[in-house]
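S.K.: All I have is the shape, not the residue letters:
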């Protein structure tokens, strides 16, 4: 069992690194989809089956389609520009942040046993019963996202109209 | 060392957070920045479910992580739309070229 978890964890980290290192944006989006799919597998192995399905369909499916669509329209730009911060400084910041997190959490985490799930409540109890405010927030978020996207996309039309008027 | 499933999952969380943070600091391409944000949020979501699993509250953690997924997807949608618009207007995806916002 531990071997499977180990393989999936290694796959997740390797996919994330390759998504960042890929020279082409499309390759980067596909590695991100692989990372999402492996995160879904890990969630399933941890007993969060419902969330795994949602992550697989939304994280690996919908978001990848969005990325491919956007890259198709925007076109491949130079993905390997020199970094805005000196690379050693970025490494130091990342290592300090990750090191501090590990230092704070690992001593608490190591003694905790990996017990069987005895939680008798169901996912729908929590989503529809105890988390109605979250559901409302999600509806508002989706509306805000759609309105924001439509607003941004209509900007070009307005700009085009102005150009036509001035011409 | 007591290597349990929890430790392995935490290694994945640390890996995702580290890679995402590094990419945020080191990349200048707008679409890559959104990829980095996606990776960071995946790390945070895994940490949330891990905490729920260890406290025997998986379902509660799942219902919280659902909101994270929705918010993350909306961020990706808005970010990618913005990137497409910037590319069509300014002809570049380089975040250093977005200095016209300063004027």
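M.R.: The structure has been received and is ready for your questions. Keep in mind the model is a prediction, meaning the values are calculated, not measured. Numbers count the residues shown, from 1 in each chain, chains lettered A, B, ... in the order given.
S.K.: what mean pLDDT does the host helix or strand of residue A:88 have?
M.R.: Using DSSP states H and E, residue A:88 sits in helix A:87-109. For helix A:87-109, the mean pLDDT works out to 91.
S.K.: For the nearest residue to residue A:41 once chain neighbours are set aside, give me its contacts.
M.R.: Leaving aside its sequence neighbours, residue A:41 sits nearest to residue A:8 (Cβ to Cβ, 6 or more residues apart in numbering or on different chains; 5.3 Å). In this view, the C-beta of every residue, glycine as well, is placed from N, C-alpha and C. Shown in contact with residue A:8 (Cβ atoms under 8 Å, 6 or more residues apart in numbering or on different chains): A:38, A:41-42, A:45, B:12.
S.K.: Tell me the buried residues in the helix holding residue A:88?
M.R.: Neighbour-count burial for helix A:87-109 flags A:90, A:94, A:98, A:101-102, A:105, A:109 (criterion: 16 or more other Cβ atoms under 10 Å in any protein chain shown).
S.K.: about what we covered before: mind checking which of the contacts of residue A:8 are in helices?
M.R.: Using DSSP state H, the subset of the contacts of residue A:8 located in helices is A:38, A:41-42, A:45, B:12.
S.K.: Please identify which of these is nearest to residue A:56.
M.R.: residue A:41 (8.5 Å; Cβ to Cβ).
S.K.: which helix is the longest one in chain B?
M.R.: Chain B, longest helix under DSSP H: helix B:58-90.
S.K.: So for that one, mean pLDDT?
M.R.: 91.
S.K.: Residue A:145 is in contact with residue B:77, isn't it?
M.R.: Yes. Residue A:145 lies in contact with residue B:77 (Cβ atoms under 8 Å); the separation is 5.2 Å.
S.K.: which element is residue A:10 on?
M.R.: With DSSP H and E as the test, residue A:10 turns up in helix A:2-21.
S.K.: State the separation between that helix and the centre of the chain it belongs to.
M.R.: 15 Å (Cα atoms, centre = their mean, to the nearest Å).
S.K.: which parts of it are buried?
M.R.: A:5, A:8-9, A:11-20.
S.K.: from those, which is closest to residue A:134?
M.R.: residue A:12 (26.0 Å).
S.K.: Who are the contact partners of the closest residue to that closest one other than its chain neighbours?
M.R.: Nearest non-adjacent residue to residue A:12, counting by Cβ to Cβ, 6+ apart: residue A:38, 4.6 Å away. By Cβ under 8 Å, 6+ apart, the residues touching residue A:38 are A:8, A:11-12, A:15.
S.K.: Pick the one among these closest to chain B.
M.R.: Within the contacts of residue A:38, the smallest distance to chain B is 5.1 Å, found for residue A:12 (Cβ to the nearest Cβ).
S.K.: where does chain A have low pLDDT?
M.R.: A:77-80, A:156-167 (pLDDT under 70).
S.K.: Please tell me how far the residue nearest the centre of it sits from residue A:89.
M.R.: Central residue of chain A (Cα atoms, centre = their mean): residue A:59, 6.5 Å from the mean position. Between residue A:59 and residue A:89 the distance is 31 Å, computed by Cβ to Cβ, to the nearest Å.
S.K.: for residue A:10, same thing?
M.R.: 28 Å.
S.K.: same check, this time on residue B:62
M.R.: 38 Å.
S.K.: Next: residue A:110.
M.R.: Here residue A:110 is placed at a distance of 31 Å from residue A:89 (Cβ to Cβ).
S.K.: ditto for residue A:122
M.R.: For residue A:122 relative to residue A:89 (Cβ to Cβ), the value is 48 Å.
S.K.: What helices and strands are in contact with the helix holding residue A:88?
M.R.: Counting contacts by 3 or more Cβ pairs under 8 Å, 6 or more residues apart in numbering or on different chains; DSSP states H and E, helix A:87-109 is packed against helix B:5-26.
S.K.: Please repeat the previous calculation with a cut-off of 10 Å.
M.R.: Applying 3 or more Cβ pairs under 10 Å, 6 or more residues apart in numbering or on different chains; DSSP states H and E, we find helix A:87-109 packed against helix B:5-26, helix B:30-54.
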